[in-house]
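> Build the 3D model from these lines:
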Amino acid sequence: MVNVKDKVVIITGAGSGIGKVVAKQFAEKNAKVVCADIKGSEETAKEISDAGGTALAMHLDVSKLDDWYTVKDRTIKEFGEINVLCNIAGISEAVDIVDLVEEDFDRMININLKGTFFGMKVVLPEYLKSGSGKIVNIASLAAHVGLTGLPSYSASKGGVIAMSRQVAVEYAPKNIQINVVSPGIIETPILANNPPEVTKAFTDATPAGRLGKPAELASMVVYLSSEESNFVTGQVIKVDGGWGSK
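From the prediction side, this is the model:
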């Protein structure tokens with residue numbers, strides 16, 4: 001059993017998909033959850049509250065530093081502290097590098113990489129004050145292996161890994177743990193938009209012979225946020241059914 005009871009957890013991307021599943025799993029384990037997203041955070045927080053949990057909905061565009069400070073300040077005002085930050089918000093787009101335009105490349109970096117940078121920049125000073133804290137950042141299988149049509153996405157997630165490792169080493173002596181989870185292909189609503197042959201190709205490429213479930217990814221995020229993982233930092237943990245080990 002992992003212990004995150006009464007931990008104050010900020011989760012970006014909590015309005016839908018994997019972020020929503022992560023938020024609800026934290027709530028089930030009696031954490032105090034800040035659901036942050038551009039849209040959908042209110043619905044997630046209401047579902048958690050209706051189920052007896054503690055949740056706060058906040059608007060957050062992760063690419064805007066002012067939004068981050070607003071989330072940080074309100075979280076401390078409501079709950080008194082921040083114990084965990086889970087940077088889950090992100091976007092993906094498939095396009096050949098020759099056809100990729102500068103504006104779309106910048107948008108990918110601004111959300112996936114700069115958004116993660118902003119989150120750590122804003123929360124780490126609070127951890128230094130309290131003497132502890134945890135950050136879990138989300139990368140991707142695309143940061144480890146070449147996947148067709150994902151140049152900007154791969155770059156953004158590779159940057160998340162490199163930045164997280166550097167910060168983890170620097171802040172380890174300060175009792176702050178920073179880790180990365182790299183998902184493989186996870187069953188989410190957006191995956192249903194793919195042609196059946198694409199989903200079959202993903203499944204065939206996964207040694208486990210199936211796609212991952214959001215709850216399986218969420219369980220790793222919760223573990224890395226718990227007291228049981230206090231000696232784990234600077235790690236990149238793949239939750240990909242073995243794809244990245246081939």
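> Give me the neighbour count for residue 65.
Look at residue 65: counted by other C-beta atoms under 10 Å, it has 16 neighbours. Where you see a C-beta, it was placed from the backbone N, CA and C, and this is true even at glycine.
> Name all residues that make contact with it.
Taking C-beta atoms under 8 Å, 6 or more residues apart in numbering as the criterion, residue 65 is in contact with 118, 121, 122.
> List buried residues within the residues you listed.
Among the contacts of residue 65, the ones that count as buried by 16 or more other C-beta atoms under 10 Å are 118, 122.
> tell me which of the contacts of residue 65 is nearest to residue 144?
Nearest to residue 144 among these: residue 118, at 24.3 Å, using C-beta to C-beta.
> pLDDT score assigned to the closest one?
Per-residue confidence at residue 118 stands at 98 (pLDDT).
> ok, now residue 93?
Each residue has a pLDDT score; the one for residue 93 is 87.
> Count the residues that sit near it.
Every residue meeting other C-beta under 10 Å relative to residue 93 is counted, giving 14.
> Could you look up the SS state of it?
Applying DSSP: H, G, I helix; E, B strand; the rest coil to residue 93 yields a three-state assignment of coil.
> For it, what are phi and psi?
According to degrees, to the nearest 10, the main-chain angles of residue 93 amount to phi -150, psi 130.
> biggest helix in this protein by residues?
Among the elements of the chain assigned as helix by DSSP state H, the one spanning the most residues is helix 151-171.
> Pull out the buried residues from that helix.
By neighbour count with 16+ other C-beta under 10 Å, helix 151-171 contains the buried residues 151-161, 163-165, 167-168, 171.
> Let me know the average pLDDT across it.
pLDDT averaged over helix 151-171 gives 97.
> what sits against the residue nearest the centre of the chain?
The structure's the chain has its C-alpha centroid closest to residue 88; by C-alpha atoms, centre = their mean the separation is 2.3 Å. Under the criterion of C-beta under 8 Å, 6+ apart, the neighbours of residue 88 are 11, 12, 13, 14, 18, 19, 22, 138, 221.
> What of residue 147?
With contacts defined as C-beta under 8 Å, 6+ apart, residue 147 is in contact with 141, 154.
> And for residue 121?
The contact partners of residue 121, by C-beta under 8 Å, 6+ apart, come to 65, 68.
> Alright, that wraps it up for me.
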